[in-house]
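In: Got a predicted model here, sequence first, then my questions.
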Amino acid sequence: MNNNWQPSADLETLKKRAQFIADVRLFFTRKGMLEVDTPILSRAAPTAPYLDSFKTHYIPLGTDQKQDYYLQTSPEFAMKQLLAAGSSSIYQIAKVFRNGERGKYHLPEFTMLEWYRIELSLDELMDEINELLASIFAITSSTRLSYQQVFKQSLNIDVFAISDSEVEQLAKQHLPNLSENIQLDRDGWLELLMSEVIEPKLAELAQAVFIFDFPASQAQLAKIKLDKQGHQVAARFELYIRGIEIANGYDELLDADELRQRFEQDNQQRRGLNKQIMPVDDNLLDAMQAGLPQCTGVALGLDRLLMIVLDKKAIDEVQSFS
């Protein structure tokens, strides 16, 4: 007999986890927000090239015809359908799934706290995150830096002025052990610089860091706007604590036609990477066409946050079973 049946987290940690989650629910209840519960299985899936979904099959009794379903990588699409149906501000603590992810900060199944605020600006949403962090998790200090600022401080470049080839050269200069055969687009090289060069520098800061105004090409499901210097940027932010990405927030895109175009562009990229073409969520697009209200939203990795707060070395240590 072996001990593989044992929990990956000790029981004291699981008790603390339960209390933190109860406190999170109380936080949102006091704000008058509705907790929702959406399906884990969907006929559609995110098209983003960097996400790989788990795929399964539904086989109706008495038939041999398989229907493809996907485990959610986020409850975002279904929650936006609820917003379009008039739910007002909502939150969810959801199990989410991402194929191929495994490591110190990654697991194929993890817990996400996601919420959407009607008529709340992106700055006000960051304020609310700070309130949540301070009141429940005793994280009381944070700063806000633009994407341009963090690249300037860490690499002494203007990320909006540097050419694609210069970005590639910079990455290879700072990461000499990269494979000679690696081929990435501009955003791929920028992501590599962010994760391998900038995030370790953020880890040295004694406060949480919100990074905002990402390049427009990294908008994902956020609006695109002009920054103070006239650059097109994505109206979104990422939150880092100890150099670890904890949350991703958007001023949510409301234009269904533009989102359909982004889904199609994603699938073109996936085709170029020899990845599966993902089915587009027409229910989400129809809901947006009917009228998604002005809103901001954020997805927060609850396991990662608990790992930091409870001073654990990996997120396995805050889950009952890894």
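Out: Yep, it's here. Residues are numbered from 1 along each chain as shown.
In: For the stretch 101-250 of the chain, which segments count as helices?
Out: 122-137, 147-155, 164-174, 186-193, 199-202 (DSSP state H, counting those that start in this stretch).
In: what's downstream of the top helix by length along the chain, the next helix or strand?
Out: Secondary structure of the chain per DSSP state H: the longest helix is helix 11-30. Next in sequence after helix 11-30, counting helices and strands by DSSP states H and E, comes strand 34-35.
In: Just checking: what are the partner strands of that next one?
Out: strand 90-97 (parallel) (DSSP bridges).
In: And the strands in the chain, which stretches?
Out: Using DSSP state E, the strands found in the chain span residues 34-35, 41-42, 55-58, 67-71, 90-97, 109-118, 142-146, 208-215, 224-226, 232-241, 244-251, 295-301.
In: Now do the same contact list for the spatially most central residue of the chain.
Out: The centre of the chain sits closest to N248, judged by Cα atoms, centre = their mean, with a distance of 4.6 Å. N248 makes contact with 236-239, 298-299, according to Cβ atoms under 8 Å, 6 or more residues apart in numbering. Every C-beta, even on glycine, is put in place using the N, C-alpha and C of the backbone.
In: With pLDDT added, can I get those in CSV?
Out: Below are the contacts of N248 laid out as CSV (pLDDT from 0 to 100):
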residue, pLDDT
R236, 98
F237, 98
E238, 98
L239, 98
V298, 98
A299, 98
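In: nearest to V309, of the residues you listed?
Out: Distance to V309, by Cβ to Cβ, is smallest for L239 among the contacts of N248, at 13.8 Å.
In: Please give me every residue in contact with the nearest residue to that closest one once chain neighbours are set aside.
Out: Nearest residue to L239, sequence neighbours excluded (Cβ to Cβ, 6 or more residues apart in numbering): A247, at 4.0 Å. Residues in contact with A247, defined by Cβ under 8 Å, 6+ apart, are 129, 238-239, 298-301.
In: How about W189?
Out: 164, 167-168, 170-171.
In: likewise K225?
Out: The contact partners of K225, by Cβ under 8 Å, 6+ apart, come to 232-233, 235, 251.
In: same thing but at 6 Å, please
Out: Contact analysis of K225 by Cβ atoms under 6 Å, 6 or more residues apart in numbering lists A235.
In: Only the buried residues of stretch 96-108, if you could.
Out: For stretch 96-108, a neighbour-count test (16 or more other Cβ atoms under 10 Å) marks 96-98, 107 as buried.
In: Between the two ends of that stretch, how far is it?
Out: Taking Cα to Cα, to the nearest Å, stretch 96-108 runs 8 Å from one end to the other.
In: State the mean pLDDT of it.
Out: Averaged across stretch 96-108, pLDDT comes to 88.
In: again, but for stretch 281-289
Out: According to the model, stretch 281-289 has a mean pLDDT of 97.
In: Not counting its own residues, what contacts it?
Out: Counting by Cβ under 6 Å, 6+ apart, 44, 77, 80-81, 84, 256, 260 sit against stretch 281-289.
In: cutoff 8 Å now
Out: Contact with stretch 281-289 is made by 42, 44-45, 77, 80-81, 83-85, 254-256, 259-260, as judged by Cβ under 8 Å, 6+ apart.
In: Distance to A9, neighbour count and pLDDT for those - can I get that in JSON lines?
Out: Formatted as JSON lines, these follow (distance: Cβ to Cβ, whole Å; neighbours: other Cβ atoms under 10 Å; pLDDT from 0 to 100):
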{"residue": "S42", "distance to A9": "29", "neighbour count": "22", "pLDDT": "96"}
{"residue": "A44", "distance to A9": "33", "neighbour count": "20", "pLDDT": "96"}
{"residue": "A45", "distance to A9": "29", "neighbour count": "23", "pLDDT": "95"}
{"residue": "F77", "distance to A9": "30", "neighbour count": "20", "pLDDT": "97"}
{"residue": "K80", "distance to A9": "32", "neighbour count": "26", "pLDDT": "98"}
{"residue": "Q81", "distance to A9": "34", "neighbour count": "19", "pLDDT": "98"}
{"residue": "L83", "distance to A9": "34", "neighbour count": "24", "pLDDT": "98"}
{"residue": "A84", "distance to A9": "38", "neighbour count": "20", "pLDDT": "98"}
{"residue": "A85", "distance to A9": "37", "neighbour count": "10", "pLDDT": "98"}
{"residue": "L254", "distance to A9": "40", "neighbour count": "16", "pLDDT": "97"}
{"residue": "D255", "distance to A9": "43", "neighbour count": "13", "pLDDT": "97"}
{"residue": "A256", "distance to A9": "42", "neighbour count": "18", "pLDDT": "97"}
{"residue": "L259", "distance to A9": "38", "neighbour count": "20", "pLDDT": "97"}
{"residue": "R260", "distance to A9": "42", "neighbour count": "16", "pLDDT": "97"}
